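**Student:** Starting from these lines, generate the structure:
(chains A and B)
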Amino acid sequence: MDANSLINLSILGYWVSFAVYTSFWYFLLGERSARSKVLILGLVLQFLSLICRGMAIEYLPLTNKFESFYAFSAAAFLVLLWTNKVESLLYRLTLFGVGYGFLFAAAFWPKGLSYPPPLMLTIWYVLHVPLSFMCYALWTSSLAAAVAYFLSSERGGGPATQEMMELIDNGFMYGLLGFSISMLFGGFWGYVAWGDYFLWDAKVVWSVILWLFYSACIHVDHWPALKGYKPHLAVAGFLILFVTYVGTSFFVSSSHRF
Amino acid sequence: MLTVIYDTLKSKKLGIIVGFATAGLLIVGSLQMNFYPASYTGLAGGDIRFFFDKPSLAHWWFYLLFLGLAIYGINAFLCTLDGVLARLRAGATNLTLYGGSICHLAFLITLLAHLMGGLYASPEKSLTIGESPTPFGDLELRVAGLETTEYPNGMPKEVRALVKIKKGDKETEQILGYNQPVTLGLGVKEFLLRNYGEAPQGVILKVDGKPQQVAVKESLSINGARVQVAGLFMHPNLQRPVVRLIANKEGEQPRQVYVTLGEASNKVVEGAQVFFEDIKVSKAVAVGLKENPSVPVALGAVLLFCVGVALVIVRLIKRIAHQF
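**Tutor:** Here you go, the predicted model:
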């Protein structure tokens, strides 16, 4: 199959997965096993579609905005699948809503064949970007838990609140752990591509901001009076994440604007 | 008083405050750099000398950030030391408990690497390396091969230049490409590929009908005079290459002649008819040389961080396994 046919197949895969995820709004309200099945179906379609794109360009299909948003939505849905046991509808709605928002936004970008520029052709890029997306998704999970916490009728030490606090903590911790490793890969990429492991570049600076912010967040337990503010921090963190991921790619000049 | 300062500096609350504050200051700095770029003209790479060489009120966020990171570093060091000592005193022998502390130590070294790199890294120097040896400091570099591949739409995909590096009598070779710099001295010196193709290496001059090939900056003999090929330019009006020849004869003033490419533009040089017949080109790469003494330190931090993270991951796996 030639590259253009593969791309057309991937676009078809996008629209079919889009339809599946649209139906998921209904399944979100339903029982866990049905939710899991629909989510798995959507993810399989999404990954097959991305694999087609990857085969077309013979590289990791993260070369343009469409692929970037499409892949990030997949990361958010993966985390949703991982936390499928969580019974809070508000949590699921928020996490799925963010993922769906990016999936929807992807529709507005050109979906044609785009080859990666030479600077993307390195193992460090392959390691750095998908891992960053997974961490963004984990922090989005913290946001979803914070939203569920704020909008839940049960506030205080109840089990639902505790579950949300745990989700926030897990998002902070696993997100930071993965992001730290991702930053190392990014540093290596920066060194081999631009000659510096740190640059005064908007995307790099905001990534450092994200890292510093969530590093402080995971230490908040050492200050008991601040513990109750974790949901607020999760929301603030997501705003920083949004600027880092979307803002620096669209509104400011950055070496990461591919 | 000293105890109060010490207790404050090793306070975890201070660490949290400084952590959020540094994130906030970087946000301010990033917005300033984006919306007032004129104040940051000349800021490149990870340089921090810029902020000290050109002190300005506009950079207030950086001075506070610098102070904040210094406090953060001291705080992280003291907290880590305190934590490690407490664990040792308690007889904690489980190595995974020290993962976080090792990560803190890696963070400290990273801060030092940034400081070192920001202060002592050299600005990028440009250099063109062709097939004939190009001297650079105590090195001689030359391109021994250049392979390129393209995508079906003609966009460049891969560039692989075989670069021979000679130091004294010893010659080594490395592949230079995009994302594949030639590195020396544990990565302190780095040659980055900036462009590739062909570069002029010399000219072919016809002197009284006899072709002679001369490299730029080299000389040939015409009727007893040394005539040097001093430069090769593009004529601004004619849009054709021009070679600058400087004739030196003992006891006489040097004479300068410009000869444009083509038989019609021949000139008399030291009594001989000279015309500029052709340009000799060779495969070449344009490289940027970066020197950053902090790279080995940063690599040390990476190594330490990997150890710390591995220990943290083992601990997390144990915790998850315990839950199940």
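**Student:** Quick one: the strands in the stretch 151-300 of chain B, in order.
**Tutor:** For the stretch 151-300 of chain B, the strands defined by DSSP state E, counting those that start in this stretch occupy B:156-167, B:170-176, B:182-184, B:189-207, B:210-215, B:219-222, B:225-234, B:241-248, B:255-260, B:267-269, B:272-291.
**Student:** Could you confirm whether the last one reaches chain A?
**Tutor:** Yes - part of strand B:272-291 sits close enough to chain A to count as contact by Cβ under 8 Å from any Cβ of the partner chain, namely B:288, B:290. Every residue, glycine included, has its C-beta placed from N, CA and C.
**Student:** Tell me which other helices or strands that strand touches.
**Tutor:** Counting contacts by 3 or more Cβ pairs under 8 Å, 6 or more residues apart in numbering or on different chains; DSSP states H and E, strand B:272-291 packs against strand B:122-129, strand B:139-150, strand B:156-167, strand B:189-207, strand B:210-215, strand B:241-248, strand B:255-260, strand B:267-269.
**Student:** just the third one next, same as before
**Tutor:** The contact analysis (3+ Cβ pairs under 8 Å, 6+ apart) places strand B:182-184 against strand B:156-167, strand B:170-176, strand B:189-207.
**Student:** Mean neighbour count, the ones you listed: which tops it?
**Tutor:** When those are scored by mean count of other Cβ atoms under 10 Å in any protein chain shown, the highest mean neighbour count falls to strand B:189-207 (a mean of 19).
**Student:** Each with direction, which strands does that one pair with?
**Tutor:** Using DSSP bridges, the strands paired with strand B:189-207 are strand B:182-184 (antiparallel), strand B:210-215 (antiparallel), strand B:272-291 (antiparallel).
**Student:** Now do the longest one against strand B:170-176, angle only.
**Tutor:** Using axes from the mean of the first three to the mean of the last three Cα atoms, to 10 degrees, the inter-axis angle of strand B:272-291 relative to strand B:170-176 is 80 degrees.
**Student:** Can you point out the buried residues in strand B:272-291?
**Tutor:** For strand B:272-291, a neighbour-count test (16 or more other Cβ atoms under 10 Å in any protein chain shown) marks B:272, B:274-277, B:279, B:283-285, B:287-291 as buried.
**Student:** Closest to residue A:52 out of these?
**Tutor:** Nearest to residue A:52 out of the buried residues of strand B:272-291 is residue B:285 (Cβ to Cβ; 35.8 Å).
**Student:** What strand or helix carries residue 70?
**Tutor:** No chain specified, so I'll use chain A. Element membership for residue A:70 (DSSP states H and E) is helix A:65-82.
**Student:** actually chain B
**Tutor:** Counting by DSSP H and E, residue B:70 is part of helix B:60-89.
**Student:** What helices and strands are in contact with that helix?
**Tutor:** Counting contacts by 3+ Cβ pairs under 8 Å, 6+ apart, helix B:60-89 is packed against helix B:2-9, helix B:12-35, helix B:49-53, helix B:99-120.
**Student:** Can you get me a residue count around the closest residue to residue B:249 other than its chain neighbours?
**Tutor:** Spatial nearest neighbour of residue B:249, excluding adjacent residues (Cβ to Cβ, 6 or more residues apart in numbering or on different chains): residue B:225 at 4.2 Å. By other Cβ atoms under 10 Å in any protein chain shown, 21 other residues sit near residue B:225.
**Student:** sorry, back to before: rebuild the strands of the stretch 151-300 of chain B as CSV, extending it with mean pLDDT.
**Tutor:** Below are those laid out as CSV (pLDDT from 0 to 100):
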stretch, mean pLDDT
strand B:156-167, 91
strand B:170-176, 92
strand B:182-184, 91
strand B:189-207, 89
strand B:210-215, 88
strand B:219-222, 90
strand B:225-234, 88
strand B:241-248, 91
strand B:255-260, 90
strand B:267-269, 87
strand B:272-291, 90
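**Student:** from chain B, which residue is nearest to chain A?
**Tutor:** At 3.0 Å from chain A, residue B:19 is the closest residue in chain B, using Cβ to the nearest Cβ.
**Student:** Mind telling me what element the closest residue in space to that residue that isn't next to it in sequence is part of?
**Tutor:** Spatial nearest neighbour of residue B:19, chain neighbours left out: residue A:216 (3.0 Å); criterion: Cβ to Cβ, 6+ apart. Per DSSP H and E, residue A:216 falls inside helix A:202-218.
**Student:** just residue A:54 next, same as before
**Tutor:** helix A:32-57.
**Student:** packing partners for that helix?
**Tutor:** Packed against helix A:32-57 by the contact rule (3+ Cβ pairs under 8 Å, 6+ apart) you find helix A:3-27, helix A:65-82.
**Student:** Okay, angle between it and helix A:65-82 too, please.
**Tutor:** Using the same axes, to 10 degrees: helix A:32-57 against helix A:65-82 is 150 degrees.
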